[in-house]
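Asks: Quick one: sequence plus predicted model below, questions after.
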Amino acid sequence: MVERKDKCIKINENTYRVRADVVPTFELKRLKNAYETSVKGIKLISDEGKSIQNFPKQHKTNGEDKNQRTNSNYKSVVRVIKNLKNNLIDDGIIDEKLMPSFFIESLVWNINDTYFYGTLNRKMILNVLEKLKSDMDNESIAIEYSEINNLIWLFKGQDRRSPQQASEFLTIAIKEFK
């Protein structure tokens, strides 16, 4: 009934229990000084020994703020790109590990709000994809991208993702989307 995964403990459902993933974490504090905490988050250590930090409250707030500023187009564009990714995986065009959903969401979050103004349509989504591709192909721009929490760089100091990885996905996504 219980299965250990790399980052979570999977609890399978039965007649009296729902299926759940339990992620064991530690509280993470960024200190303002020796006596004050500036921000709190979580940290987990995967079975592979990788340390992963996250700031879920800031992630949620920043995502909601962007979505509100963009008339709900931010989350809609993210959803379309995630669905496109899933179709590419289902069709055997890309490997599912190429673009985790969190990575897509963070990339799109970094795009200027002006790209989301107006009515959600194919042109808006294509403009976002093309802007992302352009940014990922320019290392001085890509290196400034952050996660949605705006507390962790998306690429600096990361060994699990790269602008080249994003660019590879975006090249395929743009071709398939057109």
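Replies: Cool, the structure landed.
Asks: so what pLDDT did the spatially most central residue of the chain get?
Replies: For the chain, residue 102 is the residue whose C-alpha lies nearest the centre (CA atoms, centre = their mean; 2.1 Å). Note on residue 102: pLDDT of 92.
Asks: Break down the protein into its strands, ranges please.
Replies: For the chain, applying DSSP state E gives strands covering 2-4, 9-11, 20-22, 26-31, 37-45, 51-54.
Asks: what pairs with the second one, and is each one parallel or antiparallel?
Replies: Same thing as strand 9-11. Strand 9-11 pairs in its sheet with strand 2-4 (antiparallel), strand 20-22 (antiparallel), by DSSP bridges.
Asks: Pick the most deeply packed of those.
Replies: strand 20-22 (a mean of 11; mean count of other CB atoms under 10 Å). All C-beta atoms are positioned from the backbone trio N, CA, C, and that covers glycine.
Asks: okay, now the domains of this structure?
Replies: 1-54, 55-178 (automatic domain parsing).
Asks: OK, contacts around residue 163?
Replies: 135, 136, 137, 139, 142, 143, 155 (CB atoms under 8 Å, 6 or more residues apart in numbering).
Asks: mind saving the C-alpha coords of stretch 120-134 as PDB?
Replies: Coordinates of each C-alpha in stretch 120-134 appear next as PDB, following Å, rounded to 0.1, in the frame of the first residue of the first chain:
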ATOM      1  CA  LEU A 120      -6.300  34.400 -25.400                       C
ATOM      2  CA  ASN A 121      -5.700  33.000 -28.900                       C
ATOM      3  CA  ARG A 122      -3.200  31.100 -31.000                       C
ATOM      4  CA  LYS A 123      -1.200  34.200 -31.800                       C
ATOM      5  CA  MET A 124      -0.700  35.100 -28.100                       C
ATOM      6  CA  ILE A 125       0.500  31.600 -27.300                       C
ATOM      7  CA  LEU A 126       2.800  31.600 -30.400                       C
ATOM      8  CA  ASN A 127       4.200  35.000 -29.400                       C
ATOM      9  CA  VAL A 128       5.000  33.700 -25.900                       C
ATOM     10  CA  LEU A 129       6.700  30.600 -27.300                       C
ATOM     11  CA  GLU A 130       8.700  32.600 -29.700                       C
ATOM     12  CA  LYS A 131       9.700  35.100 -27.000                       C
ATOM     13  CA  LEU A 132      10.800  32.300 -24.700                       C
ATOM     14  CA  LYS A 133      12.800  30.700 -27.600                       C
ATOM     15  CA  SER A 134      14.500  34.000 -28.300                       C
END
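Asks: quick one on the thing from earlier: lowest-confidence stretch among the strands paired with strand 9-11?
Replies: It's strand 2-4: among the strands paired with strand 9-11, that one has the lowest mean pLDDT, namely a mean of 88.
Asks: out of the domains of the chain, deepest packed?
Replies: Taking mean count of other CB under 10 Å, domain 55-178 is the most buried of the domains of the chain, at a mean of 16.
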